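Chemist: Below are the sequence and a predicted model for it; my questions follow.
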Amino acid sequence: MAPRVLMVAEKPSIALSVATVLSGGRMSTRRGSTDVHEFDGVFLGHCAQYKVTSVIGHVFSVDFPPKYQNWDVTDPIDLFEAPVLKSEANPKAHISRHLHQEARGCDYIVLWLDCDREGENICYEVIECIGVHESEVGKKIYRARFSSVTEKDILKAMNNLVEPNKDEALAVDARQEIDLKVGVAFTRFQTRYFQGKYGNLDSRVISYGPCQTPTLGFCVQRYLQITTFKPEKFWSLHLYIMKDSYELQLEWERKKIFDFDVAVMFQKMVVNDGTLKVTNVSTTEECKTRPCGLNTVNLLKVASSALGLGPQVAMQVAERLYTQGFISYPRTESTAYPASFDFQGTVEALQYNPALREYVQALLVNGFQKPRMGSDAGDHPPITPMKSASEDMLGNDAWRLYMYICQHFIGSISHDCKYTRTKVEFESGAELFCVVGQHVTCKGFTSIMPWMAVNEKKLPQFLRGERIKMMKVDIYEGNTTPPDYLSESELISLMEKHGIGTDASISVHINNICERNYVQVNAGRRLVPTALGTALIRGYQCIDPDLCLPDIRSFIEQQITLIAKGKVNHAWVVRHALQQFMQKYSYFVKQIERMDALFEAQFSPLADTGRLLSKCGKCTHYMKYISSRPSRLYCVTCEEVYSLPQNGSIKLYKELACPLDGFELLLFSTGGPEGKSFPLCPYCYNSPPFEGIEKLLPGSSAKPGMPCSLCPHPTCRHSLISQGVCACPECGGGGGGTLVLDPVSAPKWKLCCNICNCLVLLPQGAHRISTTGKRCPDCDSAVLEVDFNKKTTPLAGGATLHAGCILCDELLHSLVEMKHGRSMFRRGRGRGRGRRPGGGRGRGGDPKMSFRDF
DNA sequence: GCAAGGTC
C-alpha cells in the first residue's frame, strides 16, 4: 500500500501553499479544525498519499497547576519551584485532537513550522499531539526547512528533509517557564502589596514582566531626563551677509558657548576685522539611498509617527489587509527580498491604482532597480502589496497604511536620490563660519515617498578668496531645552535595539503599559509615564535596577541560547536562572518599603479613599467601597481588603446580611442592554475555596480543583462555596431569598436559603449541579440540572443529565422534556422534609425533601 | 487577576 504522509504547517495559509505547490494545484480540501488538503504524490521515491494541515501558532501554553492559581493561599515565592503544566492554548479549536486523528494510520510526518526557535518548539508540540514517541524522529518524523513560501523553496525543502532540533525547542520551553515564574511571582506580590494599601492606583494589576517592565523603563528614563533637566543659557554669533541680493545667515563653527563675556569677545574680534573672507568652496555628490524591504518594526514606526496609528491598531489593520489578500504577511523581521520575489508581477498589479499609476507605469517602461541588500532573518519576506486596492474597498486607516506599504515597496526598487552639497567656508577675525546649499539632481525614490525628499537650498556663487561685506554680527541668547517625551516610534527603535519583544509582540507590550495605566499616549503619540509608572520604575531603581533594565531580557536570551546550541542541559539552565530570580525576588520583598516610600508620596491610603457602603461581619463597622480600579471593599477597623467582581456597579442589597458570616449582602450589576445582576456576600466571595470547606468539615471529600458548577456568577472563583444558586422556593417570590450551597454540608449537596435558612437536599452522587432558569410546572420552584457520573448512576438511554424541581420529587421530567421536546411527568414519592424554620409562603403545596436520593 | 510567545 502507498505510504501515507501527514504534513503540518504553522498556519492554514502555509498548509495551503505547500499543498498547492506539491500537488500542482490538484488537491481536494476537507474542512476541519484547520483545513486538510489531500493529494497523491511521491515521497522518498515511492508513490504516496499526502495530507497537509496546520496548527494555528502554538498548540500549548504553559501555566501553573490549579493548586497554585489561588492568590490567597499561594505564596508567590513558591511559584519559582512549582511544577508547570502545558495545556491547550485554545481548547475550543481542538487542534490536539485534530492532529491526533489526522495522524492515525500515517507512516510519515513532515513538519512545516516556521524556521525559528518558536517553530522548532511547535514541532515538538505537534509530535506530542500525534502521540508518536520522540525516538521516531528521523525515521518517521521529518522537518522541512524553508526560508520563504515559494515554489522553489518548498520543493528544495521537500528534497532536503532534516530532523527537528530538540535543543532549540527546549530553549523555548525554558524561556516559557522562566517568563511565567518570574512574571507571575513579581506581579502577584506587587499587586497584593500595593492594592492592599492604596485606593487610587487605578490599575487592575501592578504587573511585572521581563519585556513590559524595561519597555516602561525607557519611557520613565526619558521622563526623568526631562524633569531633572536644568536649562542653561548659551550665546552664539549670528552673522548676516548679502550676496547677489540673497540675505544669508552663516553658521558659526563654535555653534554655541556658555559664557557671555567670551561670546562678546568673539563678536568684537569679528566686528573689528570688518571683512569676511571665503576660505573654501567645496561641492560633493551625495546620495540618499532607497529603503530596504519593509519589516514590521519599521511599519509600526511609520504608522505611529506619520499616520498617527498606535502599534496595536496598526497591527490589527495590517492583519486585516493580510487576511483580505492586499498585503503579504505583516509579521516579519526581514528586510531582504527573497531571490525569487516577483517584482514584475507586484509592480504590474499596482498600475491599476490611480494614485500610483503614473509613477508605476514609468517604472515599468524604464525598468526598476534591484533592491538594496537587506537582512534576511529567515522568517518571512518583507511586507509588500499583493494586489491593487482603492480607498472605498479599505476604509481610511487601512487605506493609508496600505498606501504606505505600496509607496515603500515602489521606493525600494526606485533609484536612489542624488544631490549635490555645496559648503562655503568663511573666516573673519580668526573665527570660522560656513553655509551649506543643496541641489537635487535625481529625485529617485523620494518622488514616491515625498516626505523623505532632500530640501533644495540654493546658494549664490562664491569664489575662494572672495571678500564679502558683513551686514551685521549679532549675539543670540538662547536656553538649552530638555528632550521631548519619548515618542512611540523611538520606543519601538529602543525595543528593537535591546531585543525586547519580537515583531509580533512589540505592539502587545506597548499596549500593556498603556492599559495598565503606567503611561499615557499624548499628542503626537508621545508616551508620558503616569505617577504609577514612575513610582514603579523609580522603585526598581532603588531596590534592584536590574529588574527594569533591558539587560534582563538579554540575560534570559543568552541563557536559553546555551540550550539552543546544545551546550548546556535545559534543566540546569532553568534551575540556575530561576535561582537567581528567586534571590532577586526575596530581596525585592524584603526591600519593598523603599518602593513603598515612593507610593506613599503619590497615592492615598485605602482608609482615606472611597465611601462607606456595607457592614463588616467581623467588627460590624461600615466598610469602604473603593471605586477606582480594581473596585474593592476595605474595612478600616479590621484592615482587610475584600475584592469584588469588576466592570459593574455595586450597591447595598436590601440591607440583608449573609447567614454564614454576617457580612451585608451587595448587589452587583453589569451595565449595557443585556446587563445582569446578582447578589453576593463580600466575605464568601473572598473565601479561599478549600480552606473553608476543610475547616468546616474534617474529612471532607471535596477535592482541590473541583470546579464550582453551582455558582452562576461569571466571575465566581469558588469551588464549593457559592452564592445565588437559585431563588428560594419558600421566600423566593417576595422575600428575595437565594439558595446557596450550604458550606457546612457542601459535599452532601444541600442548598440553604440566605434569607429564611430553608434547607433543600439535593441528589447525592451528582458531580455537577446547575440552574436552568426554568420553573417547575407543578410548584413553580426552580428547576436544577443534575449531571451524574455514568458509572454510579446508569439510567435509561444512557442519559447522564437530569433535571428536576428542587421541591417536588420530580426528577426526570425536565430532562426528557429537554431531550424530546415534550414532558414525561413521572411523579415519585416524597421522603419527608427538610429543615424549614419560619415556614414562609411555600408555593409547592406540601413541602417535601427535594429530589429522590440516588 | 498574573508573563511572553505563536496566530485569527
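Modeler: The structure has been received and is ready for your questions.
Chemist: where exactly do the helices run in the stretch 351-500 of chain A?
Modeler: A:357-366, A:391-394, A:396-412, A:488-498 (DSSP state H, counting those that start in this stretch).
Chemist: mind putting those in a markdown table, mean neighbour count, mean pLDDT and distance to A:Gly648 included?
Modeler: Any C-beta I mention is one placed from the backbone N, CA and C, and that applies to glycine too. Supplementary listing: the helices of the stretch 351-500 of chain A in a markdown table, determined by neighbours: other Cβ atoms under 10 Å; pLDDT from 0 to 100; distance: least, Cβ to Cβ, whole Å:
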| stretch | mean neighbour count | mean pLDDT | distance to A:Gly648 |
| --- | --- | --- | --- |
| helix A:357-366 | 14 | 90 | 54 |
| helix A:391-394 | 13 | 90 | 37 |
| helix A:396-412 | 22 | 95 | 32 |
| helix A:488-498 | 20 | 96 | 32 |
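Chemist: Out of these, which is closest to A:Ala314?
Modeler: Go through the helices of the stretch 351-500 of chain A one by one with Cβ to Cβ and the one that ends up closest to A:Ala314 is helix A:396-412, at 6.6 Å.
Chemist: packing partners for that closest one?
Modeler: Of the remaining helices and strands, those touching helix A:396-412 by 3 or more Cβ pairs under 8 Å, 6 or more residues apart in numbering; DSSP states H and E are helix A:296-305, helix A:311-323, helix A:343-350, helix A:357-366.
Chemist: name the helices or strands packed onto the shortest one?
Modeler: Okay, so that is helix A:343-350. Counting contacts by 3+ Cβ pairs under 8 Å, 6+ apart, helix A:343-350 is packed against helix A:357-366, helix A:396-412.
Chemist: How about the first one?
Modeler: In terms of contact count using 3+ Cβ pairs under 8 Å, 6+ apart, helix A:296-305 is assigned the packing partners helix A:311-323, helix A:396-412, helix A:488-498, helix A:506-515.
Chemist: among the ones you listed, which is nearest DNA strand B?
Modeler: For DNA strand B, the closest of the helices and strands packed on helix A:296-305 is helix A:311-323, at 4.4 Å, according to Cβ to the nearest atom of the strand.
Chemist: buried stuff in the closest one?
Modeler: When neighbours are counted by 16 or more other Cβ atoms under 10 Å, the buried residues of helix A:311-323 are found to be A:Pro311, A:Gln312, A:Val313, A:Ala314, A:Met315, A:Val317, A:Ala318, A:Arg320, A:Leu321, A:Tyr322.
Chemist: what's the neighbour count on the closest residue to the first one other than its chain neighbours?
Modeler: This means A:Pro311. If the residues on either side of it in the chain are set aside, A:Pro311 comes closest to A:Ser507, at 3.4 Å by Cβ to Cβ, 6 or more residues apart in numbering. For A:Ser507, the number of neighbouring residues by other Cβ atoms under 10 Å comes to 25.
Chemist: Now do the same contact list for A:Ser507.
Modeler: A:Ser507 sits next to A:Leu300, A:Gly310, A:Pro311, A:Gln312, A:Ala314, A:Met315 when contact means Cβ atoms under 8 Å, 6 or more residues apart in numbering.
Chemist: what's the average pLDDT for the helix or strand hosting A:Phe39?
Modeler: Here A:Phe39 is covered by strand A:36-43, with elements defined by DSSP states H and E. Computed over strand A:36-43, the mean pLDDT rounds to 95.
Chemist: What is that strand packed up against?
Modeler: Counting contacts by 3+ Cβ pairs under 8 Å, 6+ apart, strand A:36-43 packs against helix A:12-23, strand A:28-30, strand A:46-54.
Chemist: Over to A:Met623. Which of the three states is it?
Modeler: Classification of A:Met623 into helix, strand or coil gives strand, according to DSSP: H, G, I helix; E, B strand; the rest coil.
Chemist: right, and it touches A:Val641 too?
Modeler: No. No contact is recorded between A:Met623 and A:Val641 when judged using Cβ atoms under 8 Å, the distance being 9.6 Å.
Chemist: quick one: the strands in the stretch 1-150 of chain A?
Modeler: Secondary structure of the stretch 1-150 of chain A (DSSP state E, counting those that start in this stretch): strands located at A:4-9, A:28-30, A:36-43, A:46-54, A:60-63, A:85-88, A:108-112, A:141-143.
Chemist: For the helices and strands packed on strand A:36-43, please prepare TSV with the additional fields mean neighbour count, mean pLDDT and distance to A:Met242.
Modeler: Supplementary listing: these in TSV, determined by neighbours: other Cβ under 10 Å; pLDDT from 0 to 100; distance: least, Cβ to Cβ, whole Å:
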stretch	mean neighbour count	mean pLDDT	distance to A:Met242
helix A:12-23	20	94	65
strand A:28-30	12	95	77
strand A:46-54	20	95	72
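Chemist: and the ones you listed as TSV, adding distance to A:Gln195?
Modeler: TSV is the format used below for those (distance: least, Cβ to Cβ, whole Å):
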stretch	distance to A:Gln195
helix A:12-23	42
strand A:28-30	51
strand A:46-54	42
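Chemist: Relative to A:Asp397, tell me which of the ones you listed wins on proximity.
Modeler: Between A:Asp397 and those, the shortest separation by Cβ to Cβ is 23.3 Å, and it involves helix A:12-23.
Chemist: now that closest one against strand A:46-54, angle please.
Modeler: The directions of helix A:12-23 and strand A:46-54 differ by 160 degrees, with axes from the mean of the first three to the mean of the last three Cα atoms, to 10 degrees as the criterion.
Chemist: now check helix A:12-23, is it near DNA strand B?
Modeler: Yes. Using Cβ under 7 Å from any atom of the strand, we find that helix A:12-23 touches DNA strand B at A:Pro12, A:Ser13.
Chemist: and that helix, what does it pack onto?
Modeler: For helix A:12-23, the packing partners by 3+ Cβ pairs under 8 Å, 6+ apart are strand A:4-9, strand A:36-43, strand A:46-54, strand A:108-112, helix A:151-159.
Chemist: Out of those, which is closest to DNA strand B?
Modeler: Judging the helices and strands packed on helix A:12-23 by Cβ to the nearest atom of the strand, what sits closest to DNA strand B is strand A:46-54, at 7.9 Å.
Chemist: May I see the strands of the stretch 1-150 of chain A arranged in CSV, with distance to A:Glu425 as well?
Modeler: Below are the strands of the stretch 1-150 of chain A laid out as CSV (distance: least, Cβ to Cβ, whole Å):
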stretch, distance to A:Glu425
strand A:4-9, 62
strand A:28-30, 71
strand A:36-43, 69
strand A:46-54, 64
strand A:60-63, 64
strand A:85-88, 68
strand A:108-112, 62
strand A:141-143, 62
